[in-house]
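S.K.: sequence plus the predicted model coming up.
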Amino acid sequence: SDKPLIVSFGEMLIDFVPTVSGVSLAEAPGFVKAPGGAPANVAIAVTRLGGKAAFVGKLGDDEFGNMLAGILKENGVIATGISFDTGARTALAFVTLRADGEREFMFYRNPSADMLLRPEELNLELIRSAKVFHYGSISLIVEPCRSAHLQAMKVAKDAGALLSYDPNLRLPLWPSEEEAREQIMSIWDEADVVKVSDNELEFLTGSDKIDDETAMLLWRPNFKLLLVTLGEKGCNYYTKNFHGSVEAFHVDTVDTTGAGDSFVGALLCKIVDDQSVLEDEPRLREILRFANACGAITTTKKGAIPALPMTADALELVNE
Ligand code: ADP
C-alpha cells in the first residue's frame with residue numbers, strides 16, 4: 001500500500017513465562033512461550049492499528065526464529081528487513097514476576113542471532129523508505145549489531161525519517177549500570193521523539209523525583225517530543241512550546257508487558273500520517289489519549305503481542 005512506512009529496528013525474541021505466577025524461575029513448574037522484543041511489539045502494534053510497519057533485525061534459522069517470522073507475517077509486518085543467522089540461535093528470555101513483586105529475567109544470548117546482525121546485511125532500500133524509524137537500546141550492547149544499529153539510524157535520518165527512541169532498559173543485559181547509561185546517552189541527541197518510563201527517567205537522571213524539572217534534564221534542543229510514561233498514571237509530554245500530562249484509563253490490569261510498546265506504536269501510527277500534530281497541543285493530547293487507551297488495553301490480557309489492540313478496541317475505550 002502507499003501508506004507511510006514505520007520501520008522498527010532491534011530484537012525479537014521469545015519470553016518463557018512461568019505457568020504460575022509468584023514463583024522464582026527455579027521453582028516454575030513449566031513455561032508458556034510469549035513472543036516479544038520491544039521493537040517487534042511496536043511493529044505489530046502499528047499494523048494492528050491499520051498502519052504500515054516493517055521489522056528490521058536478525059533471527060536464528062531455527063524453530064523459534066521461524067515461529068517469530070511467522071508471527072510478524074501473520075500480523076502484516078513487512079519482513080524484507082529480517083536476516084537469519086545459520087549459526088547462532090534465536091534469543092530467548094525467561095521472565096517471572098516473583099512473590100516479592102520483583103521481575104526476574106534470565107537470557108539466552110551467548111550470542112543470540114539478533115546480536116550478530118551485520119551492517120552489510122541491512123536492507124538499505126527498506127530503511128531509506130521509512131517515514132519514521134524506531135529503535136531501542138539492546139542492539140547497542142555488542143558488535144556487530146551495534147554498528148548495524150548506528151548505520152541504520154544514520155541511513156534513515158539522512159533519508160529524512162523522523163527518529164523515535166525508546167531505551168527499553170532491561171538491566172541484566174548490560175555488563176554494568178554505567179555501561180547501560182553510557183550507551184543509552186551516546187545516541188540520546190540523535191532522536192526526534194523519545195519515550196522513557198518513570199523508572200528510566202530515574203535511572204538516566206539519577207533523580208528520584210518524577211517531575212518536570214527532572215524530565216527537562218533529558219530534553220535536547222532538537223527534540224520534537226519527549227514522553228515520560230507513568231503506568232496507571234498516564235503520561236507527561238514535553239515539546240519546545242508546551243508541556244502537560246494526559247491521564248490513563250482505568251482498566252482491570254492483569255499483565256503490563258508490552259504496554260509501553262503499544263503506547264509507542266499508537267503514537268507513531270498517528271505521527272507518521274501528519275507530523276504537524278507535534279506542534280499542535282490539542283491534537284497531540286488527543287493522540288496521547290488514544291495511545292494511553294492502547295497501553296491500558298494491552299495490560300488487560302496476558303502477554304504483549306496477543307494483547308495489542310485494534311483501532312476499534314481503542315476507540316471504544318476512548319469514547320467510553
Ligand atoms: P512501559 O511499559 O514502557 O513501562 P508504562 O507501563 O508506563 O510503560 O505504560 C505505557 C502506557 O500504558 C502508560 O502511559 C499508560 O497510558 C498505559 N498503562 C500502563 N499501565 C497501565 C495501567 N495499569 N492502567 C492503565 N493504563 C496503563
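M.R.: Everything's here; your move. Numbers count the residues shown, from 1 in each chain.
S.K.: and the lengthiest helix in the chain, anywhere near the ligand?
M.R.: As assigned by DSSP state H, the longest helix anywhere in the chain is helix 281-298. Yes: counting by Cβ under 6 Å from any ligand atom, the ligand is contacted by helix 281-298 at 292, 295-296. In short, each C-beta sits where N, CA and C put it, glycine included.
S.K.: give the buried subset of the residues you listed as a PyMOL selection command.
M.R.: A single PyMOL command is used to select the members of those judged buried by 16 or more other Cβ atoms under 10 Å:
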select buried, resi 292+295+296
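S.K.: closest one of the residues of helix 281-298 next to the ligand to residue 194?
M.R.: Taking Cβ to Cβ as the measure, residue 295 is the one of those closest to residue 194, at 16.6 Å.
S.K.: give me the number of residues near residue 249?
M.R.: The local packing of residue 249 (other Cβ atoms under 10 Å) involves 18 other residues.
S.K.: my read: it touches residue 317, true?
M.R.: Yes: using Cβ atoms under 8 Å, residue 249 makes contact with residue 317 at a distance of 5.6 Å.
S.K.: and the strands in the stretch 151-300 of the chain?
M.R.: Assigned strands in the stretch 151-300 of the chain, in chain order: 162-165, 193-197, 225-229, 235-238, 243-246 (criterion: DSSP state E, counting those that start in this stretch).
S.K.: same check on the stretch 1-150 of the chain?
M.R.: Secondary structure of the stretch 1-150 of the chain by DSSP E, counting those that start in this stretch: the strands cover 5-9, 13-18, 31-36, 52-60, 78-85, 92-97, 103-108, 130-135.
S.K.: include mean neighbour count and distance to the ligand when you put those into JSON lines, please.
M.R.: JSON lines is the format used below for those (neighbours: other Cβ atoms under 10 Å; distance: least, Cβ to the nearest ligand atom, whole Å):
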{"stretch": "strand 5-9", "mean neighbour count": "28", "distance to the ligand": "15"}
{"stretch": "strand 13-18", "mean neighbour count": "22", "distance to the ligand": "14"}
{"stretch": "strand 31-36", "mean neighbour count": "18", "distance to the ligand": "12"}
{"stretch": "strand 52-60", "mean neighbour count": "27", "distance to the ligand": "18"}
{"stretch": "strand 78-85", "mean neighbour count": "19", "distance to the ligand": "24"}
{"stretch": "strand 92-97", "mean neighbour count": "19", "distance to the ligand": "13"}
{"stretch": "strand 103-108", "mean neighbour count": "14", "distance to the ligand": "11"}
{"stretch": "strand 130-135", "mean neighbour count": "27", "distance to the ligand": "13"}
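S.K.: looking at those strands, which is closest to residue 193?
M.R.: strand 130-135 (8.2 Å).
S.K.: which one is residue 284 nearest to, not counting chain neighbours?
M.R.: Nearest residue to residue 284, sequence neighbours excluded (Cβ to Cβ, 6 or more residues apart in numbering): residue 277, at 5.4 Å.
S.K.: for the ligand, what's the nearest residue on the stretch 1-150 of the chain?
M.R.: Closest to the ligand within the stretch 1-150 of the chain is residue 38: 8.2 Å, counting by Cβ to the nearest ligand atom.
S.K.: what's the spacing between that residue and residue 114?
M.R.: From residue 38 over to residue 114 the distance is 12 Å, taken as Cβ to Cβ, to the nearest Å.
S.K.: touching both of the two, which residues are there?
M.R.: With contacts defined as Cβ atoms under 8 Å, 6 or more residues apart in numbering, the residues shared by residue 38 and residue 114 are 10-11, 138.
S.K.: nothing else from me, thank you.
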